[in-house]
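Undergrad: only the shape, not the letters, is given here:
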């Protein structure tokens with residue numbers, strides 16, 4: 001191989017040879033990375049015991065919900081966002097527990113992020129404080145959201161914020177899970193519901209609010225913990241697919257038998273078993289693509 005390279009350099013010269021090599025590397029990379037053209041894709045990223053979901057829209061916007069527990073999210077993002085594009089249009093932090101926010105710290109250091117959506121709840125961990133500091137130092141537009149807020153992603157794609165029911169920015173909570181930002185992604189008559197770690201008690205509040213939560217695709221909250229399921233809530237969502245983002249052989253025993261039993265009758269996919277799980281949302285259709 002070395003002899004061949006030396007021969008090519010002799011014939012073509014260093015500059016042209018390097019240019020050709022660069023094009024070849026790019027071609028191989030492009031063949032491996034499949035860009036999401038003209039469709040709406042949701043990737044539940046394999047980041048271990050934590051949550052991270054990448055939404056890629058027909059208008060080529062990238063939205064990242066949570067970032068997982070460490071910088072492993074960067075490896076997953078590299079599979080879907082080309083190396084020459086270091087742009088994320090929006091990030092949503094559901095709540096400031098480390099298994100959701102720590103990876104976003106790494107994301108903010110590597111990517112240009114346009115807007116961040118958070119609950120704004122008070123929480124004083126190193127990861128969360130660094131996240132907030134980076135938002136400020138990098139001049140990322142930041143909005144504390146509540147039910148009724150919306151995000152227009154163009155091409156008929158929209159995100160509705162369903163929870164918290166009222167603004168919690170600047171307040172403290174005993175159970176941070178129940179401050180989770182819940183979002184509903186809608187397109188072409190189909191939708192996906194992202195629950196953060198919202199537990200059964202707060203799910204009852206969301207259900208009682210009367211907001212439309214029916215969705216074909218459902219991100220199971222809190223990695224399938226015993227407090228993550230409400231049978232009444234699941235009936236109202238009436239999903240066809242559910243995804244549990246969970247670490248392999250995790251010390252918490254997630255997902256629990258209680259959660260799995262409640263999800264019976266729904267096609268369930270798990271990142272600890274399959275790695276990253278991807279879906280395409282189209283006109284009146286949701287299909288698994290990976």
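TA: In hand now; what should we look at? What you see is a predicted model; the values in this text were computed from it and never measured.

Undergrad: does the residue nearest the centre of the chain have beta-bridge partners, and which?
TA: The residue lying closest to the centre of the chain (CA atoms, centre = their mean) is residue 53, at 1.4 Å. Listed beta-bridge partners, residue 53: residue 44, residue 65 (assigned using DSSP bridges).

Undergrad: would you mind measuring from it to residue 174?
TA: 26 Å (CB to CB, to the nearest Å). No exception for glycine: its C-beta is placed from N, CA and C like everyone else's.

Undergrad: so how many other residues sit close to residue 99?
TA: Residues near residue 99, counting by other CB atoms under 10 Å, number 24.

Undergrad: helix/strand/coil for residue 133?
TA: Of the three states, residue 133 takes helix under DSSP: H, G, I helix; E, B strand; the rest coil.

Undergrad: report the contact partners of residue 112.
TA: Counting by CB atoms under 8 Å, 6 or more residues apart in numbering, residue 112 makes contact with 86-88.

Undergrad: mind running it again at 6 Å?
TA: 86-87 (CB atoms under 6 Å, 6 or more residues apart in numbering).

Undergrad: phi, psi of it?
TA: Torsion angles at residue 112 (phi, psi; degrees, to the nearest 10) stand at phi -90, psi 120.

Undergrad: may I have the beta-bridge partners of it?
TA: Applying DSSP bridges, one finds that residue 112 bridges with residue 87.

Undergrad: what pLDDT is listed against it?
TA: Here, the pLDDT recorded for residue 112 equals 97.

Undergrad: next: residue 283.
TA: Reported pLDDT for residue 283: 83.

Undergrad: ok, residue 28 next?
TA: pLDDT at residue 28 comes out at 37.

Undergrad: quick one on the thing from earlier: residue 64 is in contact with the residue nearest to the centre of the chain, correct?
TA: No: at 7.3 Å, residue 53 and residue 64 do not qualify as touching, with contact defined as CB atoms under 6 Å.

Undergrad: ok so, going back, against residue 63, how distant is the residue nearest to the centre of the chain?
TA: Counting by CB to CB, the gap from residue 53 to residue 63 is 9 Å.

Undergrad: all set, thanks.
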